[in-house]
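Asks: how would this look folded up:
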Amino acid sequence: MDYTDPPSQPTPESPQEFISARARRRRAQRRAYFPTDEAGRDALYEHLARRTYPSYELFVFALVAGVILGVGYLFNAQSLLIFGMLVAPLLTPWIGISLSVIAGSGRLFVQTLTALFVSSLLIFGSGLLAGLASRVLPDSTRTFTEAFTHSRLWWPELVVLTMGAVILTISFVRSEERPYLPSALLAYELLLPLCAAGFGLGSGVEGIWPQGLQVFIVHFVWATFFGIITLFFLRFYPTTLSGATFTGLAIVAILAIVTYSTGFDQWIKIKAGLATPEPAPATPTVYTPTALP
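Replies: Model prediction:
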């Protein structure tokens with residue numbers, strides 16, 4: 001053996017081979033996390049379903065957030081509304097609704113929907129009490145601009161709501177961490193109009209109730225629709241007849257609610273010539289003759 005020869009060094013891996021190997025590992029991880037066999041999908045579904053089960057924290061934080069939002073509407077303070085969103089509960093039961101629709105699980109659907117309904121009642125009741133307080137504490141200079149704003153449908157709000165629903169669904173499925181920030185974004189679009197509806201009912205101010213409740217319903221079904229679509233892209237498909245039927249009925253109901261609540265059906269009828277637009281109310285002009293000297 002010639003000791004003068006330098007020891008053999010491992011050949012460095014080429015950048016292209018390194019990138020290809022890294023891409024193969026990512027694809028393998030995705031295939032492992034989103035299994036293609038039925039047993040693997042069922043196991044993943046059970047794991048995600050357990051994470052969406054509501055706990056007492058949902059109701060406690062819903063009550064605290066509702067009180068803060070009600071006080072924010074009472075004093076027309078946007079900072080309190082933002083603070084209420086920061087303490088809002090984690091809306092993982094909402095993802096459970098989308099999962100139950102795709103899987104056709106009536107039990108999970110009832111559990112998550114009931115939990116969200118109870119927490120929504122806490123938010124609504126807090127706004128109702130704040131509205132009643134506005135009658136006890138009258139102030140001629142007080143305005144309720146924030147309540148009026150969040151009880152109306154805005155296209156930018158729908159865009160933000162769509163982004164929040166998609167990001168929350170992806171973050172929940174692909175990570176074991178709790179998605180606090182996407183949940184707060186979704187809560188901003190759901191809880192604010194709901195609390196505003198209760199505030200309008202309690203205060204008796206026109207233009208807030210029931211408009212705020214309608215906005216909440218449209219936002220809820222809108223977010224649920226995009227949550228289901230996002231799960232489709234994440235390879236969650238109905239594998240049973242009940243799941244496919246449940247998913248189809250849910251999508252049809254969502255589209256019907258959004259179309260009717262937004263007045264899109266009336267716009268379609270007007271464009272198709274099946275209806276005529278309502279005439280704008282004419283304001284009569286009263287002419288008072290001036291007496292001659």
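Asks: residues in contact with stretch 177-187?
Replies: Applying C-beta atoms under 8 Å, 6 or more residues apart in numbering, the contact partners of stretch 177-187 are 65, 85-86, 88-92, 94, 160-161, 163-165, 167-168, 171-172, 223. All C-beta spots, glycine's among them, are computed from the backbone N, C-alpha and C.
Asks: for ChimeraX, what selects the buried ones among these?
Replies: The ChimeraX selection below is limited to those of these classed as buried (16 or more other C-beta atoms under 10 Å):
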select :65,85,88,89,90,91,92,94,161,164,165,167,168,171,172,223
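Asks: give me the neighbour count for the closest residue to Val101 other than its chain neighbours.
Replies: Counting by C-beta to C-beta, 6 or more residues apart in numbering, Val101 lies nearest to Ala250, which is 4.6 Å off, once chain neighbours are set aside. Ala250: 20 surrounding residues under other C-beta atoms under 10 Å.
Asks: for Ala250, what are its contacts?
Replies: Contacts of Ala250 by C-beta under 8 Å, 6+ apart are 101, 224, 228.
Asks: any chance of those residues in JSON lines, plus neighbour count, secondary structure and distance to Leu74?
Replies: Formatted as JSON lines, the contacts of Ala250 follow (neighbours: other C-beta atoms under 10 Å; DSSP: H, G, I helix; E, B strand; the rest coil; distance: C-beta to C-beta, whole Å):
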{"residue": "Val101", "neighbour count": "24", "secondary structure": "helix", "distance to Leu74": "37"}
{"residue": "Thr224", "neighbour count": "20", "secondary structure": "helix", "distance to Leu74": "30"}
{"residue": "Ile228", "neighbour count": "21", "secondary structure": "helix", "distance to Leu74": "37"}
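Asks: just these now: which is nearest Ile254?
Replies: Thr224 (6.3 Å; C-beta to C-beta).
Asks: who does the helix or strand harbouring Leu63 touch, helix- and strand-wise?
Replies: Using DSSP states H and E, Leu63 sits within helix 56-74. Secondary-structure packing of helix 56-74 (3 or more C-beta pairs under 8 Å, 6 or more residues apart in numbering; DSSP states H and E): helix 78-86, helix 106-136, helix 145-149, helix 180-203.
Asks: let's see that with 6 Å instead.
Replies: Other elements packing on helix 56-74 under the criterion 3 or more C-beta pairs under 6 Å, 6 or more residues apart in numbering; DSSP states H and E are helix 78-86, helix 106-136.
Asks: among those, which comes closest to Ser261?
Replies: Of all the helices and strands packed on helix 56-74, helix 106-136 sits nearest to Ser261, with 16.9 Å by C-beta to C-beta.
Asks: buried residues in that closest one, which are they?
Replies: Across helix 106-136, burial judged by 16+ other C-beta under 10 Å covers 108-109, 111-112, 115-116, 119-132, 134.
Asks: am I right that Ala223 is in contact with Ala165?
Replies: Yes: between Ala223 and Ala165 a contact is recorded at 4.1 Å, counting by C-beta atoms under 6 Å.
Asks: list the contacts for the closest residue to Gly131 other than its chain neighbours?
Replies: Excluding its sequence neighbours, the residue lying closest to Gly131 (C-beta to C-beta, 6+ apart) is Gly202, at 2.3 Å. When contacts are counted by C-beta atoms under 6 Å, 6 or more residues apart in numbering, Gly202 is found next to 128, 131-132.
Asks: which one of those residues is nearest His219?
Replies: Leu128 (19.3 Å).
Asks: do I have it right that the closest one meets Gly198?
Replies: Yes: with contact defined as C-beta under 6 Å, Leu128 reaches Gly198; the gap is 4.0 Å.
Asks: reformat the helices and strands packed on helix 56-74 into a markdown table and put mean pLDDT and distance to Arg41 next to each item.
Replies: A markdown table is the format used below for those (pLDDT from 0 to 100; distance: least, C-beta to C-beta, whole Å):
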| stretch | mean pLDDT | distance to Arg41 |
| --- | --- | --- |
| helix 78-86 | 92 | 34 |
| helix 106-136 | 93 | 15 |
